[in-house]
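Undergrad: when you get a sec, could you give me coordinates for this:
(one chain, ligands or ions: 1)
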Amino acid sequence: MDLTDLYQEIILDHNKRPRNYRALEPCTHHAEGRNPLCGDELTVYLLVKDGVIQDVTFQGEGCAISKASASLMTSALKGKKVEEAEAVSEQIKDMLTGKTEAADMLDTLGDLAALGGVKQFPQRVKCATLAWHTCETALTGDTEATTE
Ligand code: ZN
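TA: Next up, the predicted model:
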C-alpha cells in the first residue's frame, strides 16, 4: 500500500485497536451493512437524544480498511448533532470519490482525512464508505444497508 506514512499509521492503529467496538444497549438506531465486494459486514448502533448522537458503536467482521473506517467514524461522530454527522459523511464520500483532496480536508476532518488515502485503491473505496453508509441508513430508520 502506498498511503502516506501518517495516513497508514492512523488506519493501522484503528484497525489494531478499534474504538467503540461493542454493541450498544439501549440504542435508538441500528443497521447492518454489507459490502459483498470484499465480504465486510458490520452493525452500527446509535443512541440519539434531542438530535445529538450521545453514543455510537459498531461490531462486525471485515478488512482493515472497513474496520478502521468504522472506528474513526464512531470516534468522530460521538457528541455531534445528527445534521453535523450527515455533513461529515458527505465530506468523507466527496473525498473518497475524488471531489475533494484529502490534504485540503485535513483541517476540517483531522484523523478522518486518513481515509482519503484509500481513494488510490478504487476497489477498496466501498470498504471505507461502508460504515458511513450504514450509519446514514440507521439514522433514516432503516436496518439494512449494502454498498451494491
Ligand atoms: Zn473491505
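Undergrad: low-confidence ranges, the chain, go.
TA: Where the chain drops to pLDDT under 70, the residues are 1-3.
Undergrad: name the residue most distant from the centre of it?
TA: Residue farthest from the centre of the chain, counting by CA atoms, centre = their mean, is D50 at 22.4 Å.
Undergrad: identify the residues contacting it.
TA: Neighbour list for D50: empty [criterion: CB atoms under 8 Å, 6 or more residues apart in numbering]. In short, each C-beta sits where N, CA and C put it, glycine included.
Undergrad: show me where the chain has its strands.
TA: Assigned by DSSP state E, the strands in the chain fall at 29-35, 40-49, 52-61, 144-146.
Undergrad: and D5, which of those strands is closest to it?
TA: With CB to CB, the closest approach to D5 among the strands of the chain belongs to strand 40-49: 24.8 Å.
Undergrad: re the thing from before, need the strands of the chain in CSV (columns: distance to K67 and mean neighbour count).
TA: CSV is the format used below for the strands of the chain (distance: least, CB to CB, whole Å; neighbours: other CB atoms under 10 Å):
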stretch, distance to K67, mean neighbour count
strand 29-35, 12, 22
strand 40-49, 8, 21
strand 52-61, 8, 19
strand 144-146, 16, 16
